[in-house]
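Trainee: structure, please.
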Amino acid sequence: MMMSKMDNLNRLLKSGERLDELHRNNYKIIQNTGKFCFGMDAVLLTGFAKVLSEETVIDLGTGTGIIPILLEAKTKGLHFTGLEIQEESVDMARRSVILNRLEDKIDIVYGDIKEASRIFGTASFDVVTSNPPYMNHSHGIVNPNNAKAIARHEILCTLDDLIRETSRLLKPNGRFYMVHRPFRLVDIINTCCVYKLEAKRMRLVYPYIDREPNMVLMEFVKGGGRNLKVENPLIVYKEPGVYTDEILQIYGYDNQ
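Mentor: Predicted coordinates for the structure are as follows:
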């Protein structure tokens, strides 16, 4: 029986790929170390986002599907969709969905964020999430055909594209959750205001308690009032190589 299970796993893997444990519901994810693998930012976003019972969620730029898979494990959401433009990532994400037997709960769709509202229709989701590229055109020259560059730089999709399509996809009072870099905060909030998305919650992430923040977690509400809550800082490390208790809880290590 064990050999049969391993054979099934091996058939889902292609050259250069590996299986990573997600520490939730025994879920695993297929990744290729030669491409762009998910990082802590995506995991922290799934700990920050709130998805209620019967709500539908779309993750824009889903990569290998880490955010929909973890949100399915952590919340009572009705259905999750991931939209991704890189075909290799779409293929890996779809195989991870099959591996975890989540075909009834998660769809992975190949497509362009800039066309998201055309693909799915306006006002079609309760929640939108995204871990978008952080760097814009002013942050160096990159290879536009490189999977890692596409994930990190606004090559195929700008911040404006993402927020415009998010606003179109959300139902009235729908919520948008995003992880980004603090140095883009002014751009993020200003652009969201243009598209009627009001900032409601913000949490800064610090590598150590005495360092500057290197990530920001944000919640926006479509048509919401202007009432921003700044939450307690999230500290990643107690000391080098040792996560804080909250980080362990977000990852699910405390359940083992």
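
Trainee: identify the residues contacting residue 80.
Mentor: 56, 57, 58, 59, 68, 71, 72, 105, 106, 107 (CB atoms under 8 Å, 6 or more residues apart in numbering). Quick note: C-beta positions are derived from backbone N, CA and C, even for glycine.

Trainee: how about those in CSV, adding pLDDT and neighbour count?
Mentor: Converted to CSV, the contacts of residue 80 look like this (pLDDT from 0 to 100; neighbours: other CB atoms under 10 Å):
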residue, pLDDT, neighbour count
56, 98, 17
57, 98, 25
58, 98, 28
59, 98, 31
68, 98, 28
71, 98, 24
72, 98, 24
105, 98, 16
106, 98, 24
107, 98, 17
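
Trainee: okay, and which of those map to helices?
Mentor: Applying DSSP state H to those, the entries found in helices are 68, 71, 72.

Trainee: redo those residues as TSV? Include distance to residue 230.
Mentor: Formatted as TSV, the ones in helices among the contacts of residue 80 follow (distance: CB to CB, whole Å):
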residue	distance to residue 230
68	28
71	24
72	29
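
Trainee: returning to that earlier point: can you put the contacts of residue 80 in JSON lines and add distance to residue 22?
Mentor: Below are the contacts of residue 80 laid out as JSON lines (distance: CB to CB, whole Å):
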{"residue": "56", "distance to residue 22": "22"}
{"residue": "57", "distance to residue 22": "17"}
{"residue": "58", "distance to residue 22": "20"}
{"residue": "59", "distance to residue 22": "15"}
{"residue": "68", "distance to residue 22": "12"}
{"residue": "71", "distance to residue 22": "11"}
{"residue": "72", "distance to residue 22": "11"}
{"residue": "105", "distance to residue 22": "15"}
{"residue": "106", "distance to residue 22": "13"}
{"residue": "107", "distance to residue 22": "19"}
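
Trainee: where are the low-confidence patches of the stretch 51-200 of the chain?
Mentor: 134-156 (pLDDT under 70).

Trainee: where do the helices of it begin and end?
Mentor: Assigned by DSSP state H, counting those that start in this stretch, the stretch 51-200 of the chain shows helices spanning 66-74, 87-99, 116-120, 147-152, 159-169, 185-194.

Trainee: from the contacts of residue 80, pick the one nearest residue 129.
Mentor: residue 59 (4.7 Å; CB to CB).

Trainee: partner residues bridging that closest one?
Mentor: residue 82, residue 129 (DSSP bridges).

Trainee: do I have it right that it meets residue 79?
Mentor: No - when contacts are counted by CB atoms under 8 Å, residue 59 is not listed as touching residue 79 (11.9 Å).

Trainee: spit out the contact partners of residue 163.
Mentor: Applying CB under 8 Å, 6+ apart, the residues near residue 163 are 176, 188, 191, 192, 194, 195, 197.

Trainee: let's see it at 6 Å
Mentor: 191, 192, 195 (CB atoms under 6 Å, 6 or more residues apart in numbering).

Trainee: out of those residues, which is most surrounded?
Mentor: residue 192 (22 neighbours; other CB atoms under 10 Å).

Trainee: contacting residues around that one?
Mentor: 163, 220.

Trainee: look up the closest residue to residue 14, ignoring the ones flanking it.
Mentor: residue 32 (7.9 Å; CB to CB, 6 or more residues apart in numbering).

Trainee: actually residue 31, not the one I typed
Mentor: That would be residue 37: by CB to CB, 6+ apart, it lies 4.7 Å from residue 31.
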